[in-house]
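S.K.: Predicted model, plus sequence, below.
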Amino acid sequence: MKAHFRTIIIILVVGIVMIATMLISKQGPKSKTVVLAQSELKSKGVVLATSADTGITRYDIDNPRYTGYILEIKDPKRIKVGYSKNLGKEGETTSNIAKDNNAIAAINGGGFTDKGAGFQEGIIMFNYTLIGNINENSKISVMGITKEGVLIVGEHNLKELKNLGVTEAISFGPCIVLNGVGQISLAGGQGVSPRTAIGQKADGTIVLLVIDGRQLLKVGATLKDVENIMLERNVVNATSLDGGSSSTMYYNGALINKPSATDGERLVSTVVYVTP
């Protein structure tokens, strides 16, 4: 009798396990966005210095194809452009440029030419000061911040940027979201890759996004993925910045993503940083 009873119990347990397995397989892997407390960050192996800065909120994105990191900055006037102090010769890492500017956070910025990271593509504007030679009437894809903290994206010429009151600017694209409307068709035509982007919500909040890729099982994101993330966060204007091996996010004195460059952080020309 006891043996018969044990057999029934075993059959019931096996049946419950099979049902649970079927339910999980139907649901499949889902992406999720979570706010992590400092204790949770440590349990995930990410160690950050404790910050009293309540104007910045960090979010982590877990997706089957990529891991993403978001910093939301309430005050858009804290956003500035930084650049390598060796510009014209060589670039610097995002972390070093951030530290040189006493930044609380930073992401990599615009692209650079085949000569190397010390030679930026397009323009750099820092505190109204223009670096780089460009025709005033030539339109280029830009990320700009006005003196009022408004994010400017899309194609503009230098004259337009000045008329808009832009104080900080770098060249890159494409535009991801414009006036609340996504600008990317299908996957965006560039495949999957590490990504860097910046956006702004209607209330002025700046959204900094970096997505890791080119890693085992985590290959990266499409431009359409970036667009979807921005729209999910109610971003009204956003643009892509330099991606691939350049994609880097620095926060509270440390890197919080895993750049795909084989030798660690890649040298870059410019960054977008957050003042203390």
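M.R.: Great, that's in hand.

S.K.: any idea of the pLDDT on the nearest residue in space to T146 that is not next to it in sequence?
M.R.: Nearest non-adjacent residue to T146, counting by Cβ to Cβ, 6 or more residues apart in numbering: G165, 4.4 Å away. For glycine as for every other residue, the C-beta is placed from the backbone atoms N, C-alpha and C. What the model reports as pLDDT for G165 is 97.

S.K.: again, but for the one 4 residues further on
M.R.: Per-residue confidence for A169 comes out at a pLDDT of 97.

S.K.: Please tell me how far the residue nearest to T146 sits from N228.
M.R.: 31 Å (Cβ to Cβ, to the nearest Å).

S.K.: Strands of the stretch 151-276 of the chain, start to end?
M.R.: When secondary structure is read from DSSP state E, counting those that start in this stretch, the stretch 151-276 of the chain shows strands at 151-156, 166-171, 175-178, 181-182, 195-201, 206-211, 235-241, 249-251, 254-255, 267-268, 270-274.

S.K.: what angle do the last one and strand 206-211 make?
M.R.: Between the axis of strand 270-274 and that of strand 206-211 there is an angle of 130 degrees, by axes from the mean of the first three to the mean of the last three Cα atoms, to 10 degrees.

S.K.: Relative to strand 270-274, what are the paired strands and their orientations?
M.R.: strand 79-83 (antiparallel), strand 105-108 (antiparallel) (DSSP bridges).

S.K.: nearest to I123, of the strands of the stretch 151-276 of the chain?
M.R.: Of all the strands of the stretch 151-276 of the chain, strand 166-171 sits nearest to I123, with 5.5 Å by Cβ to Cβ.

S.K.: Any idea how far the closest one is from the middle of the chain?
M.R.: Relative to its chain's centre, strand 166-171 lies at 18 Å (Cα atoms, centre = their mean, to the nearest Å).

S.K.: Poorly predicted segments of this protein, please.
M.R.: 1-52, 114, 116, 187-189 (pLDDT under 70).

S.K.: in stretch 67-75, what's buried?
M.R.: 67-73 (16 or more other Cβ atoms under 10 Å).

S.K.: cool, and stretch 252-267?
M.R.: For stretch 252-267, a neighbour-count test (16+ other Cβ under 10 Å) marks 255-261, 265-267 as buried.

S.K.: Equivalent analysis for stretch 85-97, please.
M.R.: Buried-residue list, stretch 85-97, by 16+ other Cβ under 10 Å: 87, 91-97.

S.K.: State the number of residues packed around the residue nearest to T146.
M.R.: 14 (other Cβ atoms under 10 Å).

S.K.: give the contact list for D212.
M.R.: 66-69, 194, 218, 220, 247, 257-260 (Cβ atoms under 8 Å, 6 or more residues apart in numbering).

S.K.: how about a markdown table for the buried residues of stretch 85-97, with secondary structure and distance to N157 added?
M.R.: Formatted as a markdown table, the buried residues of stretch 85-97 follow (DSSP: H, G, I helix; E, B strand; the rest coil; distance: Cβ to Cβ, whole Å):
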| residue | secondary structure | distance to N157 |
| --- | --- | --- |
| L87 | coil | 22 |
| G91 | coil | 26 |
| E92 | strand | 29 |
| T93 | strand | 31 |
| T94 | helix | 28 |
| S95 | helix | 33 |
| N96 | helix | 32 |
| I97 | helix | 27 |
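
S.K.: What is the nearest of those residues to Y273?
M.R.: Using Cβ to Cβ, these come closest to Y273 at I97, 7.3 Å.

S.K.: Y273 is in contact with the closest one, correct?
M.R.: Yes - because the distance of 7.3 Å satisfies Cβ atoms under 8 Å, I97 is recorded as touching Y273.

S.K.: Common neighbours of these two, please.
M.R.: Common neighbours of I97 and Y273 (Cβ under 8 Å, 6+ apart) are 82, 103, 106.

S.K.: Looking at those, which one is closest to V142?
M.R.: Nearest member of the shared contacts of I97 and Y273 to V142, counting by Cβ to Cβ, is G82, at 16.2 Å.

S.K.: Quick check: the closest one touching F126?
M.R.: Yes - using Cβ under 8 Å, G82 makes contact with F126 at a distance of 7.2 Å.
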